[in-house]
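Q: below are the sequence and a predicted model for it; my questions follow.
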Amino acid sequence: MSGKISIAIDGPASAGKSTVAKILAKELDYIYVDTGAMYRAITLASLEQQVDPSDEVKLTELVHHLTISFEQGTDGQLVFLNGRDITEAIRQPDVTNLVSQVSAHKGIRLELVKQQRQLALRGGIVMDGRDIGTAVLPQAEVKIFLVASVNERADRRYKENLSKGIMTDYESLKAEIEARDHKDSTRKNSPLIQAEDAVRLDTTGLSINEVVESIKKVIKTKVN
Ligand code: DC
């Protein structure tokens with residue numbers, strides 16, 4: 001492929017965005033930016049520093065004192081908050097259950113979107129999130145909107161947890177995913193919606209490889 005482009009991958013929770021984004025970035029030798037991890041990092045900080053998640057002013061002030069960075073580790077990408085490795089901590093249920101509330105604040109989004117655009121300046125980027133194609137990189141050459149049924153997404157999360165030795169209740173997982181979808185899609189600031197020029201891909205029943213291949217086809221048609 002000649003010239004490095006920007007690829008935006010949006011969609012609801014657990015639709016497989018980060019899995020395919022990572023594979024694509026590796027194959028294309030692009031940089032992968034997990035914007036959800038950035039909102040999770042702020043959520044972790046608010047929990048640790050006991051900042052009320054509904055207090056937008058205090059949270060926005062907090063964001064200005066935090067530096068989020070990414071580094072490539074041997075087992076995948078690592079996330080750092082003010083130099084501390086928070087890769088595992090931001091995946092814990094306390095963060096997951098609070099992140100939609102924290103990420104709904106305008107002040108937080110303004111600051112993180114600024115940082116995300118900075119990371120994408122030079123192109124050669126695969127960025128995943130909820131508002132990448134609509135708000136962060138509206139000029140992205142390729143926009144994908146990944147969806148999958150709630151049952152399938154809960155099922156994938158259930159198996160993923162099991163492989164890590166974590167026992168979870170399937171029905172609770174499903175309820176949590178539905179609650180997060182609802183909050184992310186109905187918030188006032190940059191809600192989760194498909195960009196007009198995004199290609200919608202339903203991954204229900206598809207393997208990771210099939211999803212990656214479909215996206216590669218989209219990239220080919222958009223770039224040529
Ligand atoms: O992709 P994820 O599940 O790690 O994202 C965590 C939360 O962060 C998600 O529920 C909504 C929020 N988010 C967002 O508002 N905008 C983004 N670009 C990425 C994530």
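A: Yes, it's here.
Q: and the helix or strand hosting residue 143, is it in reach of the ligand?
A: Taking DSSP states H and E as the definition, residue 143 sits inside strand 142-147. No - shown here: strand 142-147 not in contact with the ligand (CB under 6 Å from any ligand atom), separated by at least 11.0 Å. (Glycine included, C-beta is placed from N, CA and C.)
Q: just how off-centre is that strand within its chain?
A: 12 Å (CA atoms, centre = their mean, to the nearest Å).
Q: what parts of this structure come near the ligand?
A: Residues of the chain lying near the ligand (CB under 6 Å from any ligand atom): 13, 35-36, 39-40, 99-100, 103, 129-132, 180, 184.
Q: inside helices: which ones of those?
A: 35-36, 39-40, 99-100, 180, 184 (DSSP state H).
Q: now render those residues as TSV, adding neighbour count and pLDDT.
A: Below are these laid out as TSV (neighbours: other CB atoms under 10 Å; pLDDT from 0 to 100):
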residue	neighbour count	pLDDT
35	23	97
36	18	97
39	23	98
40	25	97
99	24	95
100	20	92
180	18	90
184	21	91
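Q: how about the helices in this protein?
A: Counting by DSSP H, the helices of the chain are 17-28, 35-48, 56-63, 93-96, 99-102, 106-120, 150-163, 170-186, 208-223.
Q: coming back round to it: list the strands paired with the strand holding residue 143, with their directions.
A: strand 6-10 (parallel), strand 199-202 (parallel) (DSSP bridges).
Q: could you pull out the buried residues of stretch 86-104?
A: Going by neighbour count (16 or more other CB atoms under 10 Å), the buried part of stretch 86-104 is 86-87, 89-90, 95-96, 98-100, 102-104.
Q: go through these and name the one nearest residue 202.
A: residue 100 (22.8 Å; CB to CB).
Q: for residue 200, which non-adjacent residue is spatially closest?
A: In this structure, residue 200 finds its nearest non-sequential neighbour in residue 145, 4.7 Å apart by CB to CB, 6 or more residues apart in numbering.
Q: residue contacts, that neighbour?
A: Residues counted as contacts of residue 145 (CB atoms under 8 Å, 6 or more residues apart in numbering) are 10-11, 133, 194-195, 198-201.
Q: what stretches of this structure score poorly on pLDDT?
A: 1-2 (pLDDT under 70).
Q: give me the neighbour count for the closest residue to residue 52 other than its chain neighbours.
A: The shortest distance from residue 52 to any non-neighbouring residue, by CB to CB, 6+ apart, is to residue 58 (6.7 Å). The number of residues packed near residue 58 is 14, by other CB atoms under 10 Å.
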